[in-house]
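S.K.: give me a 3D structure for the following:
(one chain, ligands or ions: 2)
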Amino acid sequence: MFENLSTKLQKILRDLRGQGRVTERHLDQTSREIRNALLDADVHFRIAREFVDRVRQRALGQEVMQSLTPGQQVVKVVRDELVDLLGGSHSALTFAKDPPGVFLMVGLQGSGKTTTAAKLGFWLLNNNHTPLLLSVDVYRPAAIEQLRVMCANHGLAFFDHPGTEDPVALTEMGLRHARNGGYDVLLVDTAGRLHIDDEMMTELERIRAVTRPVEVLLVADAMTGQDAVRSAKEFHGRLGLTGVLLTKMDGDARGGAALSIKSVTGQAIKFIGTGEKVDALEPFHPDRLAGRILGMGDVLSLIEKAEQAVDQEDALELAEKLRQDEFTLEDFRDQMRQVRKLGPLDQVLGMLPNMGPLRGINNLRMDEKELIHIEAIIDSMTPQERRHHHILNGSRRKRISRGSGRPVQEINRLLKQYIETRKLMKSLSRGIVPRMFKGLRFPT
Ligand SMILES: Nc1nc2c(ncn2[C@@H]2O[C@H](COP(=O)(O)OP(=O)(O)OP(=O)(O)O)[C@@H](O)[C@H]2O)c(=O)[nH]1
Ligand SMILES: [Mg+2]
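M.R.: Ligands and ions are numbered 1, 2, ... in the order given. The predicted structure follows:
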């Protein structure tokens, strides 16, 4: 799904990610490329334009330009905006406080209403609900039979009243049956039309009036792109939708529908259909889809972790300490703590574009347990010892060993690591580190 858009955006952002500096010109170019990628994916031109405008505006803001990794921050901005475009957060179904609640499924002909009704029934059943299914498509021969067969095949309760030709009367009967039978949701599959016409809308309005549905769900075919969006707008105008179920996302839908529906109609996509089988229905999560489109869920979550863990003031302070040769064992411990918050160190280093040369330094790689031991050892030192490691003679080391419960060799090793790290950081502070802190005016 969205392969084309995904490939393009990934390439654009890959180029950007490696940038230690992001200039305005660079951003212009990136914006243009993103806009074209969106247009190619059949996103409405106004939405595409507004999207890149927002990205640009945010990317030019201080928090991005002055960050340690501007390229990555721009990637994050794009991701955030993409999540927003897809609807922000996951929008769940609403259930009636006083069951049964009616879910009315509406949509154009062939959009997948009947299939999706069965899928949603199946999903509800597997999520501790008791749905009853009903088809009021009295027009197309065998339409009711189609749903009956699907229900029979998947153990879903189905209601019908042969002979009743009026969809409204049929719905009322179904609702009564649902109430008497203790079902919590009545799923009503309706007839589709080739085009939205008055007759269809009037019928749906009447069904809505007698059942007061908790959900009016538009089933829209993702493959039809902007047509799906237009019909969503019209349906919403007439009926007041509560959500959209976007089908056929497994096909070669370019993405335009999924990316435009929320902005155009204000209605969230609640589920997506990803195949013809009854279990091919997934709750729609904008953040996950955005991650999938950008192909970088992992990297982005690392960025988020990094943001939480290292703030710029800390970085500046550390740089200053390095400069003045005041990087103490306490700082060493703090750094280790930060690193632990970030997760595996080499992964973190790999993310920092300017830290390439540091990768593979084995001394810096340590596991969780080791970090806990390091903390124990440093906590057992006196403040003076932490600030002046060279006073740590044999008897002091023995005392620390007793205090921390760690063998003396481990304390020796830790001190060696500390001294090496200090040396390393000091040499880096003349080269790589200042570049990391670019924008913070770090004197070398
Ligand atoms: N690949 C794929 N096919 C789907 C999906 N959802 C529905 N279909 C197919 O789309 C076709 C039409 O589905 P229906 O459920 O009959 O559509 P409908 O909206 O009820 O059609 P009408 O009742 O005639 O208006 C069927 O062949 C379904 O198998 C999906 O998510 N992926
Ligand atoms: Mg149907």
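
S.K.: how about the residues of the stretch 1-150 of the chain that lie near ligand 1?
M.R.: By the criterion of Cβ under 6 Å from any ligand atom, the positions of the stretch 1-150 of the chain lying close to ligand 1 are G107, Q109, G110, S111, G112, K113, T114, T115, T116, D137, R140, A143. The way it works is simple: take the backbone N, C-alpha and C, and place the C-beta from them, glycine included.

S.K.: what do you get if the cut-off is 8 Å, keeping everything else the same?
M.R.: Contact residues (Cβ under 8 Å from any ligand atom) of the stretch 1-150 of the chain with ligand 1: 107-119, 137, 140, 143, 146.

S.K.: so which of those also contact ligand 2?
M.R.: Among those, the ones lying near ligand 2 by Cβ under 5 Å from the ion are K113, T114.

S.K.: only the buried subset of the residues of the stretch 1-150 of the chain next to ligand 1, as a PyMOL command please.
M.R.: Buried residues among these (16 or more other Cβ atoms under 10 Å), as a PyMOL selection:
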select buried, resi 107+108+111+112+113+114+115+116+117+118+119+137+143+146
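
S.K.: quick one: is stretch 191-211 near ligand 1?
M.R.: Yes. Stretch 191-211 is in contact with ligand 1 by Cβ under 8 Å from any ligand atom, via A191, G192, R193.

S.K.: what sits against the residue in the stretch 1-150 of the chain that ligand 2 sits nearest to?
M.R.: Across the stretch 1-150 of the chain, no residue is closer to ligand 2 than T114, which sits at 3.2 Å (Cβ to the ion). Residues near T114 by Cβ atoms under 8 Å, 6 or more residues apart in numbering: S135, D137, A143, Q146, L147, M150, D189.

S.K.: and the furthest pair within the residues you listed?
M.R.: D137 and M150 (13.1 Å; Cβ to Cβ).

S.K.: coming back round to it: and the residue of the stretch 1-150 of the chain closest to ligand 2, which of the three is it?
M.R.: Three-state call for T114 (DSSP: H, G, I helix; E, B strand; the rest coil): helix.

S.K.: quick check: buried residues in stretch 204-217?
M.R.: Residues of stretch 204-217 classed as buried by neighbour count (16+ other Cβ under 10 Å): L204, I207, R208, T211, P213, V214, E215, V216, L217.

S.K.: so which of the residues you listed sit within strands?
M.R.: The strands, defined by DSSP state E, take in E215, V216, L217 from the buried residues of stretch 204-217.

S.K.: and of these, the nearest to ligand 1?
M.R.: L217 (12.0 Å; Cβ to the nearest ligand atom).

S.K.: coming back round to it: could I get the ones in strands among the buried residues of stretch 204-217 in CSV, plus columns for distance to I378 and pLDDT?
M.R.: Conversion of those to CSV gives the following (distance: Cβ to Cβ, whole Å; pLDDT from 0 to 100):
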residue, distance to I378, pLDDT
E215, 58, 98
V216, 62, 97
L217, 58, 98
